[in-house]
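Engineer: okay, sequence plus prediction incoming.
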Amino acid sequence: MANVGRLRYLEAPSQGERPRGALVLLHAFPLNARMWEPQLGLAASGWRVLAPQFRGFDGGIDDPPASTVDDYAGDLIDLLDALRIHDAVVCGVSMGGYVTFALLRLARRYVRALVLADTRSQADTPEGVEGRTRMLQRLAGNPAAGPAAVADEMIPKLLGASTRAKRPELDGRVRDLVLSNPRQAIEGGLRALMSRPDSTPLLGTIHCPTLIVVGEEDTLTPPALSEGMHRAIAGSELTIIPAAGHLSSLEQPAAFNSALAGFLTHRV
């Protein structure tokens, strides 16, 4: 884990004689940057692969705590500036996708190309806000349970049916990632998720190369939502990953990496 001041990130330096630029991977909630370890090997094709930790996650500094996706996007801008990265391919999964939309609103000059994975452009529904509010209340009412209670509730929704049946070991891997995050970071993530704006109006303004990826069994952001984004973003590509749920990059890393590598080679 590297850091610039309070900003922490995983990095796989580019390999080979022809550096191709930076690939920035933004993690899902309530996981952290270590979910991207299966993708760090993309550095072998010449990409400098960076996976930032959102504020407070995986034991990072959370002072002041984040409460909006703009907070996370601002941290990302600070990190890119500190590393002298002027533009990057930005890949966001789930909450990472919401932060990617915030980056587009705040400073799209940093975005060379875009990957939106298992995410949606819409804001939370009233029912979604209500569910996150209940989770915040449970965290406040039982601080000792904290991340474990969040893991118990969310993991069945994060992993697809095929993964739960055929790769039960991933349950433990995802649980470990969730449990490594302090309660305060999870609370900040919940507040950011429930307060994020509707990014649907942005879709028609996206003109950089864009790949949309979704797990075939994703029930949190179903394929129909990705198909809608694909129709709204001119020239975008859509890949549906078989036998994967909401964490397609972890559940089917070979298929996810193949789609991402093809996009980077032929479109970026």
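Structural biologist: Good, I have the coordinates.
Engineer: right, and the helix or strand after the host helix or strand of residue 137?
Structural biologist: Using DSSP states H and E, residue 137 maps to helix 126-141. Heading C-terminal from helix 126-141, the first helix or strand you meet, by DSSP H and E, is helix 146-158.
Engineer: and that following helix, what other elements does it pack with?
Structural biologist: helix 126-141, helix 169-179, helix 183-195 (3 or more Cβ pairs under 8 Å, 6 or more residues apart in numbering; DSSP states H and E). All C-beta atoms are positioned from the backbone trio N, CA, C, and that covers glycine.
Engineer: I'd like to know which of these lies nearest to residue 245.
Structural biologist: helix 169-179 (9.9 Å; Cβ to Cβ).
Engineer: the inter-axis angle of that closest one versus helix 183-195?
Structural biologist: 100 degrees (axes from the mean of the first three to the mean of the last three Cα atoms, to 10 degrees).
Engineer: what residues does helix 169-179 touch?
Structural biologist: 30-32, 34-35, 147-148, 150-151, 154-155, 158-159, 163-164, 247, 250-251 (Cβ atoms under 8 Å, 6 or more residues apart in numbering).
Engineer: list buried residues within those.
Structural biologist: 30-32, 34-35, 147, 150-151, 154-155, 158-159, 163-164, 247, 250-251 (16 or more other Cβ atoms under 10 Å).
Engineer: by contact count, what packs against the one helix or strand residue 261 maps to?
Structural biologist: Here residue 261, judged by DSSP H and E, is contained in helix 253-266. For helix 253-266, the elements it packs on are strand 111-117, strand 210-215, strand 237-241, helix 248-251, judged by 3+ Cβ pairs under 8 Å, 6+ apart.
Engineer: tell me the average confidence for the shortest one?
Structural biologist: In other words, helix 248-251. Helix 248-251 shows a mean pLDDT of 98.
Engineer: list the contacts of that helix.
Structural biologist: So helix 248-251 is contacted by 35-36, 38-39, 93, 117-118, 159-160, 162-163, 167, 170, 173-174, 213-215, 218, 241, 243-245, 255-256 (Cβ under 8 Å, 6+ apart).
Engineer: can I have the buried ones of those as a ChimeraX selection?
Structural biologist: Selecting only the buried entries of the contacts of helix 248-251 in ChimeraX, with 16+ other Cβ under 10 Å as the criterion:
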select :35,36,39,93,117,118,159,160,162,163,167,170,173,174,213,214,215,218,241,243,244,245,255,256
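Engineer: ok so, going back, adding distance to residue 226 as columns, could you present the helices and strands packed on helix 253-266 in JSON lines?
Structural biologist: Shown next, in JSON lines, are those (distance: least, Cβ to Cβ, whole Å):
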{"stretch": "strand 111-117", "distance to residue 226": "8"}
{"stretch": "strand 210-215", "distance to residue 226": "4"}
{"stretch": "strand 237-241", "distance to residue 226": "6"}
{"stretch": "helix 248-251", "distance to residue 226": "11"}
